[in-house]
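# Generate coordinates for the sequence data below:
(chains A and B)
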Amino acid sequence: MKQVKTLEDLQKIREEALRKVNIRSDRAGTRITVGMATCGIAAGARPVMMAILDELEKRNVSGVTVVETGCIGLCKFEPIVEVYVPGHEKVTYIKMDPDKARQVVVEHVINGHPIREWTLESAELE
Amino acid sequence: MLYRSHVMVCGGTGCTSSGSDNVATAFVNEIKKAGLDKEVAVIRTGCFGLCELGPVVVIYPEGVFYSKMKPEYVPEIVEEHLLKGRPVTKYLFGETVTEKEIKPLEETTFYKKQMRVALRNCGIIDPEDIEEAIAMGAYEALGKVLATMTPEEVINEMKKSGLRGRGGGGFPTGLKWEFAYKQKETPKYVVCNADEGDPGAFMDRSIMEGDPHSVLEGMAIAGYAIGANHGVIYVRAEYPLAVKRLQIAIKQAREYGLLGENIFGTDFSFDVEIRFGAGAFVCGEETALLNSVMGRRGEPRPRPPYPAVKGLWNKPTIINNVETFANVPVIISNGAEWFSSIGTEKSKGTKVFALTGKVNRTGLIEVPMGTTLREIIFDIGGGIPDGKRFKAVQIGGPSGGCIPEEHLDTMIDYDSLISLGAMMGSGGLVVMDEDTCMVNVAKFFLEFIVDESCGKCAPCRIGTKRMLEILDKITSGKGEPEDIERLEKLATTVKDTALCGLGQTAPNAVLSTLRYFRNEYEAHINQKKCPAGVCQALLSYSIVADKCRGCGLCARNCPVNAISGQLKQPHVINQEACIKCGTCFEKCPFDAIVKQ
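Alright, predicted model coming up:
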């Protein structure tokens, strides 16, 4: 329960609450997709997603939507996480685990540097 | 844990009565069973408006719209959609599902032409959580007003916006506030008329259930403008859900310091109390309402003096409708220019309508003023069901009038409707098709009026009753040619001499049906026939000999043994014995019985 004494108090409550209801409005922000078909779940996609959600919350990130998706066909490379930042190319991360996922959140989503070694493109180059 | 998905279950009265509570419980249980309760939140919201398709559930972030939900569907949706990310298209609102993708709700025919201003948060927030309302901007306008505007500036902004009373009177809101502002007597009062007496109207109810803070904030801003510290919401007791949501909202607003003493650290204090109506339509009339609040019998009084000068406890009072207040914060936030850019020249902004009756998509809509009736009924409402023809639309409840097909392209605004013999009223729209008897409609509304007349003035107490008696005569086949003239004379007299709006508008239903459907009255009186086939006393049932197979089903079911005939021979109905109950008509498997 927070007493609102000034307009700034109201603003603060608004910003915090916005993070919560933001997902109900425009999806113009960053989008993280986690493959959650049978192949994904079997490979361990759920802990990956929980790690992403946890890291986003810990770092107080807003404006990011986390969605699940079905099988994109590369079952061998699950768990797969795609990060789409508007204005940039979509980056597909393969063979993710909770630790790598957290690092992606920090390095790519927050700081804007995709981690190239873990992407699909790098795997294909080998 | 930040929830990654929100399941919004509509908790408006409509969906709640069709079982949305069970749907919500099913979601909570299944989500817990699937171990998703830390990631997926289930939230009860206000009315989305598409009541025809309730119970309604919208799941974010995808924004997909599940319609006609049942608890049985929930396990599959939790497993497929919430766990695996694949919306279950067979339970979605059909119109949103195309070959390639799921269309957003805003692109469906029901929502495309709407503009949700008063309903901006309904269906989007949890009305029982003040922080969600704040997230969507609640109380920012109040803050702006207290910090940067004088009462005069607030009143000027309201005048500039062109907002007119949404309860039906259409009086310019800014002007009303100015009258009260100029009075010197204190204490002053801000009253919200939440009585919503029109049968079938639920605009105000949905706003109170879905976004109660918009009303509270509007009232507080009004209080600052006129110099009042005390607000009263007069809400009808038949709205238990609205009452509950309002009570929770007031409690939370007080906890957060947004109602009470020294709001935003200024010396402006404002608090709100709730008073209950007890089911009298006349208590929606402002002076009767004030009497009711003061513990007296709900009877109107002559005006002047108007409530803005002498109102509650004889002090300056402004009374505004729920929807009017809901518009106030957004006018302050977005500016009077923005608001006045919507709508027509004399009717600015949007209006919430309850679209009901013989129309495919019944529900709650909000459109800019100036939208035509045709667009509302056929584009948004999806037209008349069962391929029937449109006949008329009643606007404004018992105080309003009917608009026939030739005027469907009228742009809706306060003045255009009055010139057609109807009125905007609070926004109830009842659509009627070819099977509706307009004389019966007039009788139905007049019955309501007679029931609700408070009895204080003779024109209403006696005049409406005499009108009803004539209508009873006409619909039971005893009408005389002079009756139409008598009706018209009574109608104009009551209209000109009744004490309050209830009596003054009571004859509208009769006058407007006489204006556009006089031929139906004449048919009832002169030919003793009801063209639409509704008035029981004027119907006769007869058996078409060619179609009758002589099965005897009708005869066996006739409660007065009026049908005779031998097996496999055409049967006959004895017209004198027939009580016109219609049982034979319903039972006949060969469509051999006609009613005309």
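
# quick one: contacts for the residue most central in space within chain A?
Per CA atoms, centre = their mean, the C-alpha nearest to the average position across chain A is that of A:Ile32, at 3.9 Å. Applying CB atoms under 8 Å, 6 or more residues apart in numbering or on different chains, we find A:Ile32 in contact with A:Ile52, A:Val64, A:Thr65, A:Val66, A:Val67, A:Val81, A:Glu82, A:Val83, A:Tyr84, A:Val109. In short, each C-beta sits where N, CA and C put it, glycine included.

# what do you get for B:Gly383?
B:Val359, B:Asn360, B:Ile377, B:Phe390.

# got it, and B:His524?
Here B:His524 is in contact with B:Val439, B:Ile474, B:Thr475, B:Gly477, B:Gly479, B:Cys530, B:Cys535, B:Leu538 (CB under 8 Å, 6+ apart).

# Distance to chain A, neighbour count and pLDDT added to these, as CSV?
Below are the contacts of B:His524 laid out as CSV (distance: CB to the nearest CB, whole Å; neighbours: other CB atoms under 10 Å in any protein chain shown; pLDDT from 0 to 100):
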residue, distance to chain A, neighbour count, pLDDT
B:Val439, 49, 26, 95
B:Ile474, 54, 26, 94
B:Thr475, 51, 22, 93
B:Gly477, 58, 16, 88
B:Gly479, 57, 24, 92
B:Cys530, 51, 23, 91
B:Cys535, 50, 22, 89
B:Leu538, 54, 23, 85
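
# wait, isn't B:Ile124 in contact with A:Arg24?
Yes - between B:Ile124 and A:Arg24 there is a contact under CB atoms under 8 Å: 5.8 Å.

# Now list whatever residues contact both of the two.
B:Met8.

# neighbour count winner among the two?
For B:Ile124 versus A:Arg24, neighbours defined as other CB atoms under 10 Å in any protein chain shown are more numerous around B:Ile124 (26 against 22).

# what does the stretch 201-350 of chain B have sitting close to chain A?
For the stretch 201-350 of chain B, the residues in contact with chain A (CB under 8 Å from any CB of the partner chain) are B:Glu255, B:Tyr256, B:Gly257, B:Leu258, B:Phe264, B:Gly265.

# Could you do chain B as well?
Listed as neighbours of chain A in chain B under the rule CB under 8 Å from any CB: B:1-6, B:8, B:39, B:60-63, B:83-86, B:124-125, B:131-132, B:134-137, B:139-140, B:143-144, B:147, B:255-258, B:264-265.

# hmm, 7 Å instead?
Residues of chain B found near chain A (CB under 7 Å from any CB of the partner chain) are B:1-2, B:4, B:6, B:39, B:60-61, B:83-86, B:124-125, B:131-132, B:134-135, B:139-140, B:143, B:147, B:255-258, B:264-265.

# roughly how far apart are the residue nearest in space to the middle of chain B and chain A?
Central residue of chain B (CA atoms, centre = their mean): B:Ala201, 2.3 Å from the mean position. For B:Ala201, the distance to chain A equals 28 Å [CB to the nearest CB, to the nearest Å].

# show me what contacts that residue?
B:Ala354, B:Gly397, B:Ser426, B:Gly427, B:Gly428 (CB atoms under 7 Å, 6 or more residues apart in numbering or on different chains).

# Return the set of residues that bridge with the nearest residue to it once chain neighbours are set aside.
Nearest non-adjacent residue to B:Ala201, counting by CB to CB, 6 or more residues apart in numbering or on different chains: B:Gly428, 3.8 Å away. Going by DSSP bridges, B:Gly428 is paired in beta bridges with B:Ala354.

# isn't B:Gly428 right up against B:Val393?
No - using CB atoms under 7 Å, B:Gly428 is not in contact with B:Val393; the gap is 10.3 Å.

# B:Ala463 belongs to a helix?
Slight slip there: residue B:463 is Gly, not Ala. Yes - with DSSP: H, G, I helix; E, B strand; the rest coil as the criterion, B:Gly463 is part of a helix.

# what about the closest residue to it other than its chain neighbours, which SS state?
Among residues not flanking B:Gly463 along the chain, B:Val494 sits closest, at 3.9 Å (CB to CB, 6+ apart). Following three-state DSSP, the label given to B:Val494 is helix.

# Distance check, B:Val494 against A:Gly112.
74 Å (CB to CB, to the nearest Å).

# In terms of packing, which of the two has more residues around it?
Neighbours per residue (other CB under 10 Å) separate B:Val494 from A:Gly112, with B:Val494 holding more: 26 against 9.

# dump the residue contacts of the more buried one.
By CB under 7 Å, 6+ apart, the neighbours of B:Val494 are B:Pro459, B:Cys460, B:Gly463, B:Thr464, B:Gly503, B:Ala506, B:Pro507.

# Please report how far the last one lies from B:Leu490.
When CB to CB is applied, the distance between B:Pro507 and B:Leu490 equals 7 Å.

# Next, show the common contact partners of those two.
Listed as contacting both B:Pro507 and B:Leu490 by CB under 7 Å, 6+ apart are B:Met467.

# Output stretch B:471-483 as CSV - backbone C-alpha positions only.
Provided in CSV are the C-alpha atoms of stretch B:471-483 (Å, rounded to 0.1, in the frame of the first residue of the first chain):
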residue,chain,number,x,y,z
LEU,B,471,-54.0,0.8,-26.1
ASP,B,472,-55.3,-2.2,-24.2
LYS,B,473,-58.6,-1.7,-26.1
ILE,B,474,-56.9,-1.5,-29.4
THR,B,475,-54.7,-4.6,-28.9
SER,B,476,-57.6,-6.7,-27.7
GLY,B,477,-59.7,-5.9,-30.7
LYS,B,478,-62.1,-3.4,-29.2
GLY,B,479,-60.5,-0.3,-30.7
GLU,B,480,-62.7,2.5,-32.1
PRO,B,481,-61.7,4.9,-34.9
GLU,B,482,-61.8,7.9,-32.5
ASP,B,483,-59.2,6.2,-30.3
